[in-house]
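Chemist: please find the sequence and the predicted model below.
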Amino acid sequence: MKLALELSENPVYLATSRKWDADFEQRVERHKNERDERWETWEEEKFIGKLDITRRVVVLDCVTLWLTNWFMDLEQDIHACLRQGKEEMKKLFAQEGTLIIISNEIGMGGHAETHIGRKFTELQGWMNQFIAKNADKALFMVSGLPLQLK
């Protein structure tokens, strides 16, 4: 968030989460209230490639929630999710804007206990690799400290 404000006086916060229930709705509202008037908020659950980010600084938060939407809607078909996800990301990458993409690295912990959990972990890892490969810069945040990967 700090980086976005250093790069723009009015950055965009691109929220990708689906509002699954009342508790999650409260979480979304709390996050909105944490941002001040400098921020413009866009909400898009899946089709992020249709957004015009030209000459904007956009914080995409977050890949994990965005992939969850694809994963659920495509009935846990990780190959279809990866294909759709890459296509949407490519549309953003092709634009002349600055993207700050937030993602989770869920594969670093223990193995998921369920088959569906293991499938999603694979999907997340593959998408993170795709994003990092196409990024100009990649940082890994650990305990609030940035480690530059690329």
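Modeler: That came through fine. If you're wondering where the values come from, they're calculated on a predicted model, not measured in any experiment. Residues are numbered from 1 along each chain as shown.
Chemist: quick check: chain neighbours aside, which residue is closest to Ala4?
Modeler: Leaving aside its sequence neighbours, Ala4 sits nearest to Pro11 (Cβ to Cβ, 6 or more residues apart in numbering; 3.9 Å). Where you see a C-beta, it was placed from the backbone N, CA and C, and this is true even at glycine.
Chemist: pLDDT score for that neighbour?
Modeler: Per-residue pLDDT puts Pro11 at 98.
Chemist: please work out the average pLDDT along stretch 43-57.
Modeler: Per-residue pLDDT over stretch 43-57 has a mean of 97.
Chemist: coming back round to it: give me the neighbour count for the residue nearest to Ala4.
Modeler: Neighbours of Pro11 under the rule other Cβ atoms under 10 Å: 22.
Chemist: surely it touches Lys2?
Modeler: No. In this structure Pro11 lies outside contact range of Lys2 using Cβ atoms under 8 Å: 10.6 Å.
Chemist: and the longest helix for the protein?
Modeler: Using DSSP state H to assign secondary structure, the helix with the most residues in the chain is helix 115-134.
Chemist: helices and strands around that one, which ones?
Modeler: For helix 115-134, the packing partners by 3 or more Cβ pairs under 8 Å, 6 or more residues apart in numbering; DSSP states H and E come out as helix 63-73, helix 78-93.
Chemist: helix or strand with the lowest mean pLDDT in the chain?
Modeler: Within the chain, no helix or strand scores below helix 22-34, which has a mean of 84 by mean pLDDT, DSSP states H and E.
Chemist: with Asn104 as the reference, measure out to the residue of the chain positioned farthest from its centre.
Modeler: No residue in the chain sits farther from the centre than Glu113, which is 24.1 Å out by Cα atoms, centre = their mean. Distance, Glu113 to Asn104, using Cβ to Cβ, to the nearest Å: 18 Å.
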